[in-house]
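Asks: just the structure for this:
(chains A and B)
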Amino acid sequence: MLHIKNKELAVPGVLLAEGDYINEDGTHKEKGKIYASVVGICYVDRRRVRVVALEGKYIPKQGDTVIGTIVYERFSGWKVDINSPYDATLSDRDIFIGRYDSLKVGDLVYARIVKVTEVFETSLYAKRPYGKLDNGIVIEIHSSRVPRLIGRKGSMIKLIKEKTGSVITVGQNGLVWIRGGKQELAAQACHMVDKEAHIPGLTDRISEFLSR
Amino acid sequence: MERIDGRRFDELRPIKIEAGVLKRADGSCYIEWGKNKIYAAVYGPKEVLPRHLERTDRAILRCRYNMAPFSVEERKRPGPDRRAVEIGKVMAGALEPAILMHYYPKSMIEISVEVIEANAGTRCAGLAAASVALADAGVPMRDLVSSCASGKANGEIVLDLCKEEDNEGEADVPVAVIPRLDEITLLQMDGKLTEEEVEQAVSLAIKGCQQVYELQVDALKRKYAGADYE
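Replies: Okay, the predicted model is just below:
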């Protein structure tokens, strides 16, 4: 039996469903009943129930593409801060570095998460099309708002790219790298998406903001 | 019998809760409970410092309770004292059963409760605020923790003592519960009560907690009113 409507706001401890339902992200099951464990929007897809969190830290997931900062150098790799409670490891085998280039503490990399263990030891892969990010600026948005920034089939990010002429790379961990064109304007637009993600009619407002 | 501020025996002081008030914290909450004014901030999950406290199977919770020097009538010497350390510890103990700690191994969640103005019942108000701040930080929880005190003043068991009742009264019983699981996570008592009076006080406090719970849920829902995704 379902106790909540699709797209309804859930707070921790709210009973979502009982009986023959499968609990996914943002929920937990106790004695056959499914409860929300975070504040978020509840989605019901047939028998699957999940809550998309509105707040919270990014947790590394296999297959995600992220932007990270090198924080520590080791013999054969680097520790990378991926804007999460857990650092990731990047082995020097998993990145292409040109002959006159190097990777130092503070540098940015765009990488894919290849493996996450149960204690969140995370490994990255940064060969093509991933790699080091030179110049540009990095801004932070909330990781759950990333799908909103990309938009349906990349519509939102395409809009921002076109209007500002910048090169934009979005990491699933909420870091956005912007280079060239009207950097500041693009950054402001990204922050606007972050702030107003929950208010309908976002694409129109961003479009209006960018053509101002 | 009339209480000093004209409340009924089972009536709470007016409570106002607001979630997400501090920009730099991951989650925050401001609560006005009668004349109490308290901020709660949550940081994390983040990497554990000092490192030796790290648990490989779950997160750890640290809670700091602090009273501002100007929060009471006579200036309080700033800094942690015996009472603040104790309250911090019991608050951490009261919140931990509600948090799904095993979701974030090797990490730490830090809670800071700052009492700006105190007027009896600060640990309960702080606890209510801290649990809203945790939810606001996106920390996965079984349920919110609600908290409320009861006690004995003028020979009668009453809910939510105010400062005058607390100072002059016979006993004070702060209680925290996880409403959904019907579990008590904090139960303290100072003063003298008979066995029946304790039971009476606890059940009265639990009823108070349920009222607080409604307000906590309302505060969280208010922050995201009209939220609509994809």
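
Asks: tell me, how many residues neighbour the residue in chain B that chain A sits nearest to?
Replies: Closest residue of chain B to chain A, Cβ to the nearest Cβ: residue B:138 (2.4 Å). C-beta here means a position set from N, CA and C on the backbone, and glycine is covered the same way. For residue B:138, the neighbour count with other Cβ atoms under 10 Å in any protein chain shown is 25.

Asks: which residues are in contact with it?
Replies: Going by Cβ atoms under 8 Å, 6 or more residues apart in numbering or on different chains, residue B:138 touches A:38, A:39, A:53, A:54, A:55, A:56, A:57, B:26, B:27.

Asks: relative to residue B:174, how far out is the residue nearest to the fifth one when sequence neighbours are not counted?
Replies: By that I understand residue A:55. Using Cβ to Cβ, 6 or more residues apart in numbering or on different chains and skipping residues adjacent in sequence, the residue nearest residue A:55 is residue B:138, 3.5 Å away. Separation of residue B:138 from residue B:174 (Cβ to Cβ, to the nearest Å): 27 Å.

Asks: where does chain B dip in pLDDT?
Replies: Applying pLDDT under 70 to chain B flags residues B:1, B:226-230.

Asks: for it, what's the longest helix?
Replies: Using DSSP state H to assign secondary structure, the helix with the most residues in chain B is helix B:195-223.

Asks: and that one, anywhere near chain A?
Replies: Yes. Counting by Cβ under 8 Å from any Cβ of the partner chain, chain A is contacted by helix B:195-223 at B:217, B:220, B:221.

Asks: in stretch A:203-211, what's buried?
Replies: A:206, A:210 (16 or more other Cβ atoms under 10 Å in any protein chain shown).

Asks: right, is it up against chain B?
Replies: No. Judged by Cβ under 8 Å from any Cβ, stretch A:203-211 makes no contact with chain B; its nearest approach is 12.1 Å.

Asks: most neighbours out of the contacts of residue B:138, which is it?
Replies: Among the contacts of residue B:138, residue A:39 has more neighbours than the rest - 31 neighbours, counting by other Cβ under 10 Å.

Asks: check what pLDDT that one gets.
Replies: On the pLDDT scale, residue A:39 is placed at 93.

Asks: quick one: the residue in chain A that chain B sits nearest to from residue B:67, how far?
Replies: Chain B sits closest to residue A:56 of chain A, with a gap of 2.4 Å, by Cβ to the nearest Cβ. Distance from residue A:56 to residue B:67, counting by Cβ to Cβ: 30 Å.

Asks: same question, residue B:17
Replies: Distance, residue B:17 to residue B:67, by Cβ to Cβ: 20 Å.

Asks: the more surrounded of these two?
Replies: More crowded of residue B:17 and residue B:67, by other Cβ under 10 Å: residue B:67, with 25 against 21.

Asks: close to chain B, is the longest helix anywhere in chain A?
Replies: Ranked by number of residues, the top helix in chain A under DSSP H is helix A:183-196. No. Judged by Cβ under 8 Å from any Cβ, helix A:183-196 makes no contact with chain B; its nearest approach is 11.0 Å.

Asks: just the buried positions in stretch A:30-47, please.
Replies: For stretch A:30-47, burial by neighbour count (16+ other Cβ under 10 Å) applies to A:33, A:34, A:35, A:36, A:37, A:38, A:39, A:40, A:41, A:42, A:43, A:44.

Asks: show only the entries of those found in strands.
Replies: With DSSP state E as the criterion, strands contain A:33, A:34, A:35, A:36, A:40, A:41, A:42, A:43, A:44 from among those.

Asks: make a markdown table out of those residues and add distance to chain B.
Replies: Converted to a markdown table, those look like this (distance: Cβ to the nearest Cβ, whole Å):
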| residue | distance to chain B |
| --- | --- |
| A:33 | 10 |
| A:34 | 12 |
| A:35 | 7 |
| A:36 | 9 |
| A:40 | 8 |
| A:41 | 5 |
| A:42 | 10 |
| A:43 | 8 |
| A:44 | 14 |
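
Asks: closest to residue A:103 among the residues you listed?
Replies: Checking those against residue A:103 by Cβ to Cβ gives residue A:40 as the nearest, at 36.6 Å.

Asks: for residue B:59, see how far away that closest one is.
Replies: Taken as Cβ to Cβ, the span from residue A:40 to residue B:59 is 19 Å.

Asks: neighbours of residue B:147, how many?
Replies: By the criterion of other Cβ under 10 Å, residue B:147 has 29 neighbours.

Asks: if I pick residue 3, what's in contact with it?
Replies: As the question left the chain open, I've gone with chain A. The contact partners of residue A:3, taken as Cβ under 8 Å, 6+ apart, are A:14, A:15, A:16, A:17, A:18.

Asks: I was after chain B.
Replies: Shown in contact with residue B:3 (Cβ under 8 Å, 6+ apart): B:9, B:153, B:154, B:158, B:165.

Asks: buried subset of the residues you listed as a PyMOL selection?
Replies: Per 16+ other Cβ under 10 Å, the buried members of these correspond to this PyMOL selection:
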select buried, chain B and resi 153+158+165
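
Asks: would TSV of the contacts of residue B:3 with secondary structure and distance to residue A:137 be doable?
Replies: Formatted as TSV, the contacts of residue B:3 follow (DSSP: H, G, I helix; E, B strand; the rest coil; distance: Cβ to Cβ, whole Å):
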residue	secondary structure	distance to residue A:137
B:9	coil	61
B:153	strand	60
B:154	coil	65
B:158	strand	59
B:165	helix	57
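
Asks: between which two of the contacts of residue B:3 is the distance greatest?
Replies: Greatest spacing in the contacts of residue B:3, by Cβ to Cβ: B:9 and B:165 (11.0 Å).

Asks: where do the contact lists of these two overlap?
Replies: B:3, B:158.

Asks: residue 197: neighbour count?
Replies: Since you didn't name a chain, this refers to chain A. 21.

Asks: that's the other chain; I wanted chain B
Replies: Neighbours of residue B:197 (other Cβ under 10 Å): 18.

Asks: wait, doesn't it sit right on residue B:150?
Replies: No. Assessed by Cβ atoms under 8 Å, residue B:197 is found out of contact with residue B:150, at 10.0 Å.

Asks: report the central residue of chain B.
Replies: Taking Cα atoms, centre = their mean as the criterion, residue B:127 is the residue nearest the geometric centre of chain B, at 1.3 Å.

Asks: helix/strand/coil for that residue?
Replies: Assigned by DSSP: H, G, I helix; E, B strand; the rest coil, the conformation of residue B:127 is helix.
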